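> below are the sequence and a predicted model for it; my questions follow.
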Amino acid sequence: MIVSMIQMIFEIPDIGSIKDKRIIVKSVTEKLRRRFHISAAEVDLQDSLSFAQIGGALVSNSRVFGESVLNKAFKMIENETAVRIQDMKIHSEEF
């Protein structure tokens, strides 16, 4: 069993409140779940107004497949959302 994980820190420009930030973060995590079947959640920076950290994981039988899906998910976030990616890491573990 291979678990592929992604961690992203991104900036959310022009946000006026934590409530507005939560709407955007929820939208991003829902897109990851719906389109790519990735378990995703905000894992840090919850109190920051301008930044969010999201973690996601995908279980498969192939490191190549898992990391490929996560790269596609990253490209989707980069191209289809109003956030600026500050940092992104993809890692796989075999169990």
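Sure thing, it's come through.
> how far away is Asp47 from Ile18?
8 Å (C-beta to C-beta, to the nearest Å). (Glycine included, C-beta is placed from N, CA and C.)
> these two: which is more packed in?
More crowded of Asp47 and Ile18, by other C-beta atoms under 10 Å: Ile18, with 12 against 8.
> am I right that Ala82 is in a strand?
No: read with DSSP: H, G, I helix; E, B strand; the rest coil, Ala82 is coil and lies in no strand.
> where does the protein have low pLDDT?
Scanning the chain for pLDDT under 70 picks out no residues.
> nearest residue to the middle of it?
In the chain, the centroid-proximal residue (C-alpha atoms, centre = their mean) is Ile54; its distance is 4.6 Å.
> helix or strand for that one, just tell me which one.
strand 51-60 (DSSP states H and E).
> what packs against that strand?
Applying 3 or more C-beta pairs under 8 Å, 6 or more residues apart in numbering; DSSP states H and E, we find strand 51-60 packed against strand 2-11, helix 18-36, strand 39-44, helix 63-80.
> now do the longest one against strand 39-44, angle only.
Think helix 18-36. 150 degrees (axes from the mean of the first three to the mean of the last three C-alpha atoms, to 10 degrees).
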